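**Student:** return a 3D structure for these sequence lines:
(2 chains)
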Amino acid sequence: MTLRKYLVLAGVTVFGAAGDAMLSRGMKEVGNIAPHHVSELILAILNPWVAIGVLLLLAFFASYMTALSWADLTYVLPATSLGYVVLALVAKFMLHEDVTTARWLGILMISAGVGLVAGGPSKTETERSDPPADMAECVAEAAGRGVEG
Amino acid sequence: MKHAYTWAAIWAIIVASTAGDVLLARAMKQVGDVGELRRRRGLLVVIANTIRNPNFILGVAAMAVAFYSLLFGLSWGDVSLIAPASASLTFVANAFAAKLFLHEKVDRRRWMAALLVAGGVCLMAL
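**Tutor:** Numbering: from 1, shown residues only, chains lettered A, B, ... in the order given. The predicted structure follows:
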């Protein structure tokens, strides 16, 4: 793991959290959408907060794809959850909101989880050298493995 | 109905985003280390190789379903329930899926991490 790779993981964390926050704010403005008006979801993109949220999530997506090209899914995923920790710390120290004991405990657990994974290897996909080409083959094989135990 | 729509959206997000994560992770492993590939053959080759990968296309489709389920859910319920509930259950689902479909070595350390993160995300929703 190089500095550049840690920066990519930081991008996953920050862009993801900021994007979610913007989407949430935008959808509160858009209001409830009934299931028989699902097409309105497409127009929700026109809300500026939703639009900024989508742009941030695109940046998240680019960093996420980059990280997945050299690290395990179960290594990259915890980094996405660090975003909740970042949001809570921003709420506490920049917006001066109250952060409850349960939330601090949540922060501690997420950080511990991320620490555990980060302490191990970033790529473990070594059980077989040639990855199956398509999902069908993969599913069939996984089903076989399930039967074997 | 508010409650039912919210939880229907949460389950849709979990299923779609787990499928999407697995497909995208598989696609990127097939593309190879993006940083190295970019240095050797340029950014355009990286982008072309990525978007032509069938697993990538399927993964993006699954992520689009997850995204619209999230928007639908957010229009009915609070982000403080939907985001953590779907995220924490997706962590556990992904640990299973990564072991089963991607052959990642999900050892005790990673199981504990998945459960810690899932629990922590739940607590943050309180």
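**Student:** which parts of the helix ranked longest in chain A are buried?
**Tutor:** Using DSSP state H to assign secondary structure, the helix with the most residues in chain A is helix A:3-30. Neighbour-count burial for helix A:3-30, with 16 or more other CB atoms under 10 Å in any protein chain shown as criterion, is recorded at A:5, A:8-9, A:11-27, A:30. The way it works is simple: take the backbone N, C-alpha and C, and place the C-beta from them, glycine included.
**Student:** out of the helices and strands in the chain, which is least certain?
**Tutor:** As the question left the chain open, I've gone with chain A. For chain A, the helix or strand with the lowest mean confidence is helix A:135-148, at a mean of 54 (criterion: mean pLDDT, DSSP states H and E).
**Student:** my question was about chain B, not that one.
**Tutor:** Ranking chain B's helices and strands by mean pLDDT, DSSP H and E puts helix B:79-102 last, a mean of 86.
**Student:** helix or strand right after that one?
**Tutor:** Secondary structure here is assigned by DSSP states H and E; on that basis, the next helix or strand after helix B:79-102 toward the C-terminus is helix B:108-124.
**Student:** counting neighbours, show which residues of that following helix come out buried.
**Tutor:** Across helix B:108-124, burial judged by 16+ other CB under 10 Å covers B:109-111, B:113-124.
**Student:** with stretch B:65-78 instead?
**Tutor:** Within stretch B:65-78, the residues that qualify as buried by neighbour count (16+ other CB under 10 Å) are B:65-77.
**Student:** same thing with stretch B:79-89?
**Tutor:** B:79, B:82, B:83, B:84, B:85, B:86, B:87, B:88, B:89.
**Student:** quick one, phi/psi of residue A:34?
**Tutor:** As for residue A:34, its main-chain torsions (degrees, to the nearest 10) stand at phi -80, psi 150.
**Student:** near chain A at all, stretch B:95-111?
**Tutor:** Yes - using CB under 8 Å from any CB of the partner chain, stretch B:95-111 comes into contact with chain A via B:95, B:98, B:100, B:101, B:102, B:103, B:104, B:105, B:106, B:107, B:109, B:110.
**Student:** ok, now which ones touch the residue most central in space within chain A?
**Tutor:** The residue at the geometric middle of chain A, judged as the C-alpha nearest the mean C-alpha position with CA atoms, centre = their mean, is residue A:80 (3.5 Å). For residue A:80, the contacting residues are A:12, A:13, A:16, A:64, B:87, taking CB atoms under 8 Å, 6 or more residues apart in numbering or on different chains as the criterion.
**Student:** secondary structure element for the most far-flung residue of chain B relative to its centre?
**Tutor:** What lies farthest from the middle of chain B is residue B:40; by CA atoms, centre = their mean that is 29.1 Å. Under DSSP H and E, the secondary-structure element containing residue B:40 is helix B:34-41.
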